[in-house]
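>>> I would like to see how this sequence folds:
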Amino acid sequence: MNIINHKNRALMRRPVILAAVLFLLLSCEEETGSSAALYGVWVSEFLVQETGEKFVTQIDVSQTKVKYHGSYEAEIVNSPDFYNEYGYLILKFTKYADFGGEPSTTHANTGKYGALYWKDLAPASVYLADAYTGYTHELKTSYEEAVAAFTNNAAATFVNWSITSPYAKKSEYPFE
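Predicted structure coming up:
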């Protein structure tokens with residue numbers, strides 16, 4: 001009789017232990033943002049409606065610099081949260097190019113400041129856009145001007161997200 005009672009008690013404990021383990025597993029908060037980081041190689045394809053031309057753009061982002069292929073290279077001079085769903089990078093251009101040109105250290109905009117905004121950061125995609133006023137790249141001549149102008153609240157002033165295409169993450173490792 002004691003053996004049966006011992007077995008019954010052991011069997012009755014199993015569901016309780018299983019329930020406790022399941023509760024612990026399910027109650028743990030999912031880590032957010034840890035797999036979504038702005039670092040990496042981002043690629044976007046978009047179609048120009050007026051001409052039907054397809055363009056592919058690539059932006060490489062590391063902790064210290066950005067390379068927008070065919071447009072510019074820059075140092076990141078602010079301290080953004082690269083894991084946040086949205087934000088901005090204040091950039092100091094080390095190379096710059098006019099549309100269709102090759103980035104150069106002697107371009108008039110080299111040494112000036114701009115911003116690269118992002119939103120909807122996910123592990124495999126993000127929206128990226130440079131700060132523009134109309135059709136002109138918004139640039140500042142000093143760091144102080146850039147810090148005052150480029151903020152999260154100012155994103156709507158400089159970016160029209162409705163005409164922005166998403167970027168897909170091509171690689172975790174920029175500047176390979």
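
>>> My read is that residue 67 contacts residue 73, right?
Yes. Applying C-beta atoms under 8 Å, one finds residue 67 in contact with residue 73, separated by 4.9 Å. In this view, the C-beta of every residue, glycine as well, is placed from N, C-alpha and C.

>>> Now do the strands for the chain: every range, in order, please.
Along the chain, the stretches classed as strands by DSSP state E are 40-47, 54-61, 65-68, 72-76, 87-96, 113-119, 125-130, 132-133, 136-137, 166-171.

>>> And these: which comes nearest residue 146?
Set against residue 146 and scored by C-beta to C-beta, these come closest in strand 113-119, at 3.6 Å.

>>> buried residues in stretch 147-157?
Buried residues in stretch 147-157, counting neighbours by 16 or more other C-beta atoms under 10 Å, are found at 149-150, 154-155.

>>> Can you flag which of the residues you listed belong to helices?
149, 155 (DSSP state H).

>>> quick check, nearest of the buried residues of stretch 147-157 to residue 125?
Checking those against residue 125 by C-beta to C-beta gives residue 155 as the nearest, at 18.0 Å.

>>> tell me, what residue is most central in this structure?
Most central in the chain under C-alpha atoms, centre = their mean is residue 38, positioned 3.4 Å from the mean C-alpha point.

>>> So residue 150 sits against residue 132, correct?
No. Judged on C-beta under 8 Å, residue 150 makes no contact with residue 132 at a distance of 11.9 Å.

>>> and for those two, which residues touch both?
Listed as contacting both residue 150 and residue 132 by C-beta atoms under 8 Å, 6 or more residues apart in numbering are residue 158.

>>> picking up where we left off before, in JSON lines: the buried residues of stretch 147-157, plus distance to residue 106.
Output for the buried residues of stretch 147-157, formatted as JSON lines (distance: C-beta to C-beta, whole Å):
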{"residue": "149", "distance to residue 106": "25"}
{"residue": "150", "distance to residue 106": "25"}
{"residue": "154", "distance to residue 106": "30"}
{"residue": "155", "distance to residue 106": "31"}
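
>>> What is the neighbour count of residue 87?
As a burial measure, residue 87 scores 18 neighbours (other C-beta atoms under 10 Å).

>>> which residues does it contact?
Taking C-beta under 8 Å, 6+ apart, we find residue 87 in contact with 38, 80-81, 117-118, 152.

>>> picking up where we left off before, what is the nearest of the buried residues of stretch 147-157 to residue 63?
Distance to residue 63 across these (C-beta to C-beta) is lowest for residue 150, with 18.4 Å.
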